[in-house]
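1. here is the input, now give the coordinates:
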Amino acid sequence: MLQELKQREKEGNFINVGLIGLGTMGKGIAYQIGLTPGMRLSFVADQDIKAAEAGAKLYGKPTHVTADSMSALRDEKLKCDVFVEATNSIIAAYDYCVAAIERKAHCVLMNAEVDAILGFSLRDAAKKQGVIVTSDAGDQHGVLSRMMEEIEMWGFEIVQAGNMKGFLDRHQTLEGIEPIAKKLGLSTVQCLAYTDGSKLNIEMSIIANEHGLTPLVPGMEGPRAEKMQDVVNLFDFDKYKGQGRVDYVLGAKEHGGGVYVVAKSESAFQQGYMNYYKVTNKHPYYVFLRPYHLCHLETPRAVALAAMYSKAVCTMRAGRVTDCYAYAKKDMIAGTRVEHAIGSNEVYGLIEEAKLADAANRMPQGVLDVEGTPDCPVFKRAVKKDQALTWDDFDMPDSRMVELWGKQKSILGLK
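-> From the prediction side, this is the model:
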């Protein structure tokens with residue numbers, strides 16, 4: 001890949017990239033594309049023009065800078081082979097992706113929320129235009145997908161796709177997380193979604209839907225680990241009974257921020273090699289570890305895969321096997337509004353098997369995250385802290401999110 005990109009650079013045959021969302025990750029992506037041979041940023045856009053200008057400065061080459069994201073996508077004079085969506089919106093992100101697809105640009109999603117919640121609709125639209133929509137290569141689920149493809153090529157059976165979580169507090173609030181968010185340079189909403197586990201569950205839902213995996217329990221087991229070598233003793237893999245799972249470990253400081261895969265090989269022949277290679281195992285289960293994921297540094301790989309080979313990192317090819325469902329963050333009274341569902345004071349999200357949760361009329365967390373309207377979902381009855389929430393618990397506004405969710409259900413053949 002690198003040699004092909006260098007040849008493109010030499011020939012002036014650049015992959016033209018459009019980037020919307022110049023927050024923490026977007027700025028990093030802009031900088032990284034500036035370092036990658038064979039690529040150029042055709043435009044950077046953010047509703048905060050100063051953020052867009054800062055991203056353009058980090059990119060370090062001439063590019064179009066605007067606060068009007070949609071106009072940039074619709075301007076045919078601005079070349080765009082691949083569009084990178086790096087906002088933390090959902091509906092606006094969906095509209096940006098649709099506009100990119102309509103102009104036959106591939107879409108790379110550094111936005112797990114729009115990926116998980118409306119990704120099937122986007123992929124349906126992309127297929128009709130002959131382009132692809134893919135998860136980013138550097139987020140946890142993208143890294144896991146790449147690892148799992150290689151591990152399966154080795155002849156191992158995938159047992160568990162795992163994430164490493166440093167800290168988790170499902171009942172944390174926007175007010176409580178504000179000092180940490182400021183220290184990390186994140187929005188309070190974004191930081192809260194990380195802290196209360198909603199982001200983790202959304203990302204693991206995407207990789208589950210790529211490989212047909214499920215959680216053993218709602219929200220996964222998530223045992224505490226001192227070190228990653230403990231993984232072989234923290235889970236009872238035998239009780240999975242051949243069904244691949246998603247899960248995570250909490251607190252393994254030595255390898256915080258990475259991902260891992262547990263895979264199975266019954267081969268005594270292979271066992272000898274694995275022991276020689278010092279792969280952590282409790283035969284027949286082996287732990288393959290990547291102790292980091294590098295987010296923006298790896299985005300150009302997803303861009304190049306899409307542009308040069310029409311290959312996706314992760315596309316949820318197994319279908320909607322799982323989803324992330326809403327739970328009450330505290331005791332709620334009737335009339336409470338849900339202002340922002342992913343990273344909110346009212347709900348957190350847990351991954352569950354979609355078929356079972358849908359049959360129980362459960363509320364997908366993302367559907368509560370309406371945006372662009374003052375009309376929010378409202379609790380129509382009191383619920384208890386940590387209660388699994390259903391559609392019957394809410395008065396739902398006549399929102400764009402509900403409309404798009406209904407459209408996607410139709411695409412997926414759901415009632």
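
2. tell me the neighbouring strands of the longest strand along the chain, and mark each as parallel or antiparallel.
-> In the chain, assigned by DSSP state E, the strand with the most residues is strand 157-165. In its sheet, strand 157-165 lies beside strand 245-250 (parallel), strand 259-264 (antiparallel), with partners assigned from DSSP bridges.

3. got these as JSON lines, with mean neighbour count and mean pLDDT columns?
-> Where C-beta positions appear, they are placed from N, C-alpha and C, glycine not excepted. As requested, the strands paired with strand 157-165 are arranged in JSON lines below (neighbours: other CB atoms under 10 Å; pLDDT from 0 to 100):
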{"stretch": "strand 245-250", "mean neighbour count": "24", "mean pLDDT": "97"}
{"stretch": "strand 259-264", "mean neighbour count": "24", "mean pLDDT": "98"}
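
4. format the ones you listed as TSV; extra columns: distance to Val114.
-> Shown next, in TSV, are these (distance: least, CB to CB, whole Å):
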stretch	distance to Val114
strand 245-250	20
strand 259-264	21
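
5. quick one, which of the ones you listed gets closest to Ile49.
-> Of all the strands paired with strand 157-165, strand 259-264 sits nearest to Ile49, with 35.7 Å by CB to CB.

6. alpha carbons of the closest one, in CSV - could you do that?
-> Only the C-alpha atoms of strand 259-264 are listed here, as CSV (Å, rounded to 0.1, in the frame of the first residue of the first chain):
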residue,chain,number,x,y,z
VAL,A,259,-7.8,-4.5,22.1
TYR,A,260,-7.4,-8.3,22.2
VAL,A,261,-8.8,-11.4,20.5
VAL,A,262,-9.3,-14.8,22.1
ALA,A,263,-9.1,-17.6,19.5
LYS,A,264,-9.3,-21.4,19.7
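
7. check which element follows that strand along the chain.
-> As assigned by DSSP states H and E, the chain's next helix or strand after strand 259-264 is helix 268-276.

8. isn't Arg245 up against Pro215?
-> Yes - look at Arg245 against Pro215 with CB atoms under 8 Å: they come within range, at 6.4 Å.

9. still on that earlier bit, moving C-terminal of the longest strand of the chain, what's the next helix or strand?
-> Next element after strand 157-165 (DSSP H and E): helix 174-184.

10. would you mark the buried spots in that next one?
-> By neighbour count on 16 or more other CB atoms under 10 Å, the buried set for helix 174-184 is 174, 177, 180-181.

11. among the residues you listed, which two are most distant?
-> Farthest apart among the buried residues of helix 174-184 by CB to CB are Leu174 and Ile180. That separation is 11.2 Å.

12. show me the shaky parts of the stretch 201-350 of the chain.
-> 256 (pLDDT under 70).

13. residue boundaries of the strands in it?
-> 245-250, 259-264, 281-282, 285-290, 322-328, 347-353 (DSSP state E, counting those that start in this stretch).

14. one more: the stretch 1-150 of the chain?
-> Using DSSP E, counting those that start in this stretch, strands in the stretch 1-150 of the chain cover 15-20, 39-45, 64-66, 82-85, 106-109, 133-135.

15. burial count for Pro377?
-> 27 (other CB atoms under 10 Å).
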